[in-house]
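Trainee: Structure for the following, please:
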Amino acid sequence: MTFGHKLNLSHNKNKDLKSTDKKMNKSRKEREKERHRNEIIDAGESLFLSQGYDNTTMEEIAQEAEFAKGTLYNYFESKEDLYLAIGTKAYEFMVNITKKFTQEKDPGIEQLMAVGYAYYEFTKTYPQYATIFHDIASRMPELSLKKKDDLTKAEKKYFEKVEEYRDIFIGVISASIQNKKIRADVDPMMIGIALSSISSGFIKEITQNRDFLNNVNLDRDEVVDFVFDMIAEGLKPKKNKNNK
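Mentor: Numbering: from 1, shown residues only. Now for the predicted structure:
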């Protein structure tokens, strides 16, 4: 009886070891799959940036990554999906920078401006990702019109990051309104859309026209400060007529 009990324990132990081995093998396969996926993304990123999206083919990306062309489609349904994977990577960097910048400020004008400065920092620190980030927005405007059920896996991951960034942005705006630090007479979403459009537009403009700014002796950082100061003034709570 005791011997049998020991045998039973041994049998269970072997089952546990097999189960652990199975998990380890699965984990190893997942790590390898992730490594291959990243290698494909890196290859695509390199070619998209050097040749442009339109001039880059999946076959060229496969050669750069040293995979068969068919292998790429095990990871991405199309060239568009691969491009979006790089855009998702860009969003991750932007989300992380935005979290860092906003966490350092209390709710209010300064925290709201920190969102803008975080975006500016992203374009300076990761100019290659900013280029792809901007290109996706102009190249694939129809993405936002697709139904959730029709989205590919890459599109879903991209929008997860879009929504994470949007939640941070709207959260900062809402907290500022609740604390009566900015105007409460405007819908938070409207403020978000306006600030996003203004910030992305002018930062993209001054980045692309860096030589012009240098020629007229204007510093990019000073231009950004000036624009954000104007935005901050426009967001200050309006005084009541009785409190002029």
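Trainee: For the residue sitting nearest the centre point of the chain, identify the helix or strand it belongs to.
Mentor: By Cα atoms, centre = their mean, the chain has its centre lying nearest to Y91, at 0.9 Å. Using DSSP states H and E, Y91 sits within helix 79-103.
Trainee: Show me what the helix or strand that comes right after that helix is packed against.
Mentor: With elements assigned by DSSP H and E, the helix or strand that comes after helix 79-103 is helix 109-125. Helices and strands touching helix 109-125, by 3 or more Cβ pairs under 8 Å, 6 or more residues apart in numbering; DSSP states H and E, are helix 79-103, helix 127-139, helix 153-178, helix 188-208, helix 220-235. C-betas here are computed from N, CA, C, even on glycine.
Trainee: redo that, cut-off 6 Å
Mentor: Secondary-structure packing of helix 109-125 (3 or more Cβ pairs under 6 Å, 6 or more residues apart in numbering; DSSP states H and E): helix 79-103, helix 153-178, helix 188-208, helix 220-235.
Trainee: Let me see the mean pLDDT of it.
Mentor: Helix 109-125 shows a mean pLDDT of 94.
Trainee: Leaving out sequence neighbours, find the closest residue to the residue nearest to the centre of the chain.
Mentor: K161 (3.6 Å; Cβ to Cβ, 6 or more residues apart in numbering).
Trainee: The one you found contacts K89, correct?
Mentor: No. Here K161 lies out of contact with K89, judged by Cβ atoms under 6 Å, at a distance of 8.9 Å.
Trainee: Who has more neighbours out of these two?
Mentor: Shown here are K161 and K89; by other Cβ atoms under 10 Å, K89 has more neighbours (21 against 18).
Trainee: quick one: the more buried one from E80, how far?
Mentor: 15 Å (Cβ to Cβ, to the nearest Å).
Trainee: Next: E222.
Mentor: Applying Cβ to Cβ, the value for E222 to E80 is 38 Å.
Trainee: S197 now?
Mentor: 24 Å.
Trainee: Those two - which one has more neighbours?
Mentor: Higher neighbour count among S197 and E80: E80, with 17 against 10, using other Cβ under 10 Å.
Trainee: and the protein, what are its domains?
Mentor: For the chain, automatic domain parsing gives the domain ranges 2-72, 79-238.
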